[in-house]
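**Q** Sequence plus predicted model, see below.
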Amino acid sequence: MESENQNQPVIEIFGGSTLKGEVRISGAKNSALAIMAGTILCSDDCRLRNLPNLADITRMSQILSAIGVKIEQNGDILDFDPKNIGQSQAPYELVSQLRASFFVIGPLLARLGTTRVPLPGGCAIGARPVDLHVRGLQAMGADVLIEHGVVQASVKGNRKRLTGAKIYLDYPSVGATETIMMASTLADGETIIENAAQEPEIIDLANFCCSMGAKIMGAGTNTIVINGVERLHSTDYPILPDRVEAATFLVAGAITHSEISLYPVIPAHLASAIAKLREIGPKVILDASDRIRLIPSSLKGADIETLPYPGFPTDMQAQFMALLAMSEGSSMVTETVFENRLQHVAELQRMGANIRVKGNVAVVQGVPFLSGAPVMSTDLRASAALVVAGLAAEGKTTIQGLKHLDRGYDDIEGKLRKLGANLRRVNVPSELLSNPASLV
Ligand code: EPZ
């Protein structure tokens, strides 16, 4: 809890600037976090490249170090030495700040045959259960006991390795698919994951594991087949570009009626976002296999329903809602993946957005303009929505709660300033923050 006399960082955005130029997209957070956990599977050193500079990446490094992985950083390159990982449990205070730390359970169980990982707990957008992860590991021959907030897992009986199994996921969970896929790379026999998640980050993780000698087929489809091997060897692997960061910048261009380019991107990973943007109005041009350009236009409302990949990504819902708030006509936004991912609505309403929420559906009536206001970030993608709304709003928007934004965006202010946006990060006395009127 911040004490009264402390300063707190906020972002001040002076809206109305048109953006111009090219923005460099960083490595994908949601790929990097799973792959960092996957380095535990390797019996030798391994190197990851193109890592984004994010609070979540730092926390994942701290968690891996706490369980004995030696890590050296050189810019966006991380070198991992997982040869001497121990039984020590990842510290709860770190795990509670980074849910993705739960990804270590599969690799630790596969490497050591036993492990203890604190339950990650929920977050602002939902309860975030891990039952599908646990059931997958149990199907592979693990005894799992959950008590005092810790998941204790160990391979049954006197077996040293997990056993391949056929696993059907009740929901195509990204995390559960990743946990089971990683655990099965060192299991005895064949594992089949049915109703698997198909996100690009699953493919990236599978490619990373295969670069260490794992035998994985079908990643990116709803059925993944893994044949376990005895050990995995060193690799030097680049993380793929962040499709959610790219979509966020596409929205920034569209909402400010700006022509901007993005590089590097994998256009296929943005198919649903690009299709939705084109439906709303802007043109999206593929200038090269890894470069896209947005041509602005007038904006008209469109409906969005978030779905598992290749459906419209839940991680892009908040940012697109900010765009729809300034798009002519009515739009219906349905969030089907997480149970509490509409908290940005209240903050957008403070900026003049006309949005009504009923259950997991938000009905957005486009307004001709938003007005800058002091607003509060509630979660990572909600904070991105407030940034893009602030870029287009009339006047000053002051965004509090930057710890959310810093988890998932690598220097978003610097990248936006380079495009011509008028924004800055300043420290404000906490007592001022408790009186929003003082921030106008
Ligand atoms: C990953 O979370 C991403 N995080 C999320 O990105 C992303 O929104 C989500 O996938 C969906 O695409 C990382 O990769 C680090 P899920 P994950 O398991 O794996 C339910 C961001 O903003 N579920 O696919 O936790 C769950 O409650 C973050 O970058 C179970 O019921 O997502 C949710 O309703 C936010 N039991 C749904 O599945 C389980 O065991 C989707 O969750 C696991 C999940």
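**A** Thanks, I have the structure now. Predicted, not measured: the structure shown is a model, and the values here were computed from it.
**Q** Show the contacting residues for the closest residue to Ala254 other than its chain neighbours.
**A** If the residues on either side of it in the chain are set aside, Ala254 comes closest to Pro282, at 4.7 Å by Cβ to Cβ, 6 or more residues apart in numbering. Bear in mind the C-beta positions are built from the backbone N, C-alpha and C, glycine included. If you count contacts by Cβ atoms under 8 Å, 6 or more residues apart in numbering, Pro282 has them with 250, 253-254, 294-297, 299.
**Q** repeat that with 6 Å
**A** Contacts for Pro282 were tallied using Cβ atoms under 6 Å, 6 or more residues apart in numbering; they are 254, 294, 296-297.
**Q** most surrounded residue in these?
**A** Ala254 (28 neighbours; other Cβ atoms under 10 Å).
**Q** Just to be sure, it is in a helix?
**A** Yes: according to DSSP: H, G, I helix; E, B strand; the rest coil, Ala254 belongs to a helix.
**Q** got a pLDDT number for it?
**A** pLDDT recorded at Ala254 is 98.
**Q** Next one: it from Gly21, what distance?
**A** Distance from Ala254 to Gly21, counting by Cβ to Cβ, to the nearest Å: 16 Å.
**Q** Next, give phi and psi for the spatially closest residue to Pro264 that is not a sequence neighbour.
**A** Of all residues not flanking Pro264 in the chain, Asp290 sits nearest, at 4.2 Å (Cβ to Cβ, 6+ apart). The phi and psi values for Asp290, taken as degrees, to the nearest 10, are phi -130, psi 20.
**Q** Would you check that Asp290 makes contact with Leu262?
**A** No: look at Asp290 against Leu262 with Cβ atoms under 6 Å: they stay out of range, at 9.3 Å.
**Q** so how many other residues sit close to the residue nearest to Pro264?
**A** Counted with other Cβ under 10 Å, residues neighbouring Asp290 total 14.
**Q** ok, now how distant is it from Ser26?
**A** With distances taken as Cβ to Cβ, Asp290 is found 14 Å from Ser26.
**Q** Check what pLDDT the residue nearest to Pro264 gets.
**A** Asp290 is assigned a predicted lDDT (pLDDT) of 97.
**Q** follow-up on the earlier one: and the residue nearest to Ala254, how far from Ala302?
**A** With Cβ to Cβ as the criterion, Pro282 and Ala302 are 12 Å apart.
**Q** same question, Arg47
**A** Distance of Arg47 to Ala302, computed by Cβ to Cβ: 42 Å.
**Q** More neighbours: those two, which one.
**A** Legend: neighbour count by other Cβ under 10 Å for Arg47 and Ala302, higher for Ala302 (22 against 16).
**Q** List the contacts of the more buried one.
**A** Contacts of Ala302 (Cβ under 6 Å, 6+ apart): 279-280, 331.
**Q** returning to that earlier point: among the contacts of Pro282, pick out the one closest to Ser430, please.
**A** Among those, Ala254 lies closest to Ser430 (Cβ to Cβ), at 35.0 Å.
**Q** can you list the residues of this structure near the ligand?
**A** Those residues of the chain that sit near the ligand, judged by Cβ under 6 Å from any ligand atom, are 29-30, 33, 100, 126, 128-133, 171, 173-176, 197, 199, 314-315, 337-338, 380-381, 408.
**Q** Now a PyMOL select for only the buried ones of the residues you listed.
**A** If you want just the buried ones from the residues of the chain next to the ligand in PyMOL, going by 16 or more other Cβ atoms under 10 Å, the selection is:
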select buried, resi 29+30+33+100+128+130+132+133+173+174+175+176+197+199+314+315+337+338+380+381+408
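**Q** Which of the residues of the chain next to the ligand fall in helices?
**A** The helices, defined by DSSP state H, take in 29-30, 33, 131-133, 174-176, 380-381, 408 from these.
**Q** Name the SS class of Met332, please.
**A** strand.
**Q** tally of neighbours for it?
**A** Met332 is flanked by 14 other residues according to other Cβ under 10 Å.
**Q** Which pLDDT does the model give it?
**A** Met332 is given a pLDDT of 98.
**Q** my read: it touches Asp303, true?
**A** Yes: the pair Met332 / Asp303 is scored as a contact, 4.6 Å apart, by Cβ under 6 Å.
**Q** By mean pLDDT, flag the weakest helix or strand of the chain.
**A** The weakest-scoring helix or strand in the chain, judged by mean pLDDT, DSSP states H and E, is helix 430-433 (a mean of 73).
**Q** For stretch 133-148, measure first residue to last.
**A** End-to-end distance for stretch 133-148, by Cα to Cα, to the nearest Å: 18 Å.
**Q** Pull out the buried residues from that stretch.
**A** Across stretch 133-148, burial judged by 16+ other Cβ under 10 Å covers 133-137, 139-142.
**Q** That stretch: how far from the chain's middle?
**A** Relative to its chain's centre, stretch 133-148 lies at 25 Å (Cα atoms, centre = their mean, to the nearest Å).
**Q** tell me the contacts of the closest residue in space to Asn360 that isn't next to it in sequence?
**A** Spatial nearest neighbour of Asn360, excluding adjacent residues (Cβ to Cβ, 6+ apart): Glu335 at 4.9 Å. Residues near Glu335 by Cβ under 6 Å, 6+ apart: 306, 317, 341-342, 360.
**Q** Could you dump those into a markdown table and include secondary structure, neighbour count and pLDDT?
**A** Listed next are the contacts of Glu335 as a markdown table, based on DSSP: H, G, I helix; E, B strand; the rest coil; neighbours: other Cβ atoms under 10 Å; pLDDT from 0 to 100:
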| residue | secondary structure | neighbour count | pLDDT |
| --- | --- | --- | --- |
| Thr306 | strand | 21 | 98 |
| Gln317 | helix | 25 | 98 |
| Arg341 | coil | 22 | 97 |
| Leu342 | coil | 23 | 97 |
| Asn360 | coil | 17 | 97 |
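**Q** circling back: which two from the contacts of Pro282 end up farthest apart in space?
**A** Among the contacts of Pro282, the pair separated by the greatest distance (Cβ to Cβ) is Leu294 and Ser297, at 9.6 Å.
**Q** The closest residue to Gly218 other than its chain neighbours: helix or strand, and which one exactly?
**A** Distances taken as Cβ to Cβ, 6+ apart place Ile224 nearest to Gly218, at 4.5 Å, with adjacent residues excluded. Following DSSP states H and E, one finds Ile224 within strand 223-227.
**Q** in that strand, what counts as buried?
**A** Using 16+ other Cβ under 10 Å as the burial criterion, the residues of strand 223-227 that qualify are 224-226.
**Q** and what of stretch 350-366?
**A** Neighbour-count burial for stretch 350-366 [16+ other Cβ under 10 Å]: 350-353, 355, 357, 360, 362, 364-366.
**Q** Right, I'll call it a day here.
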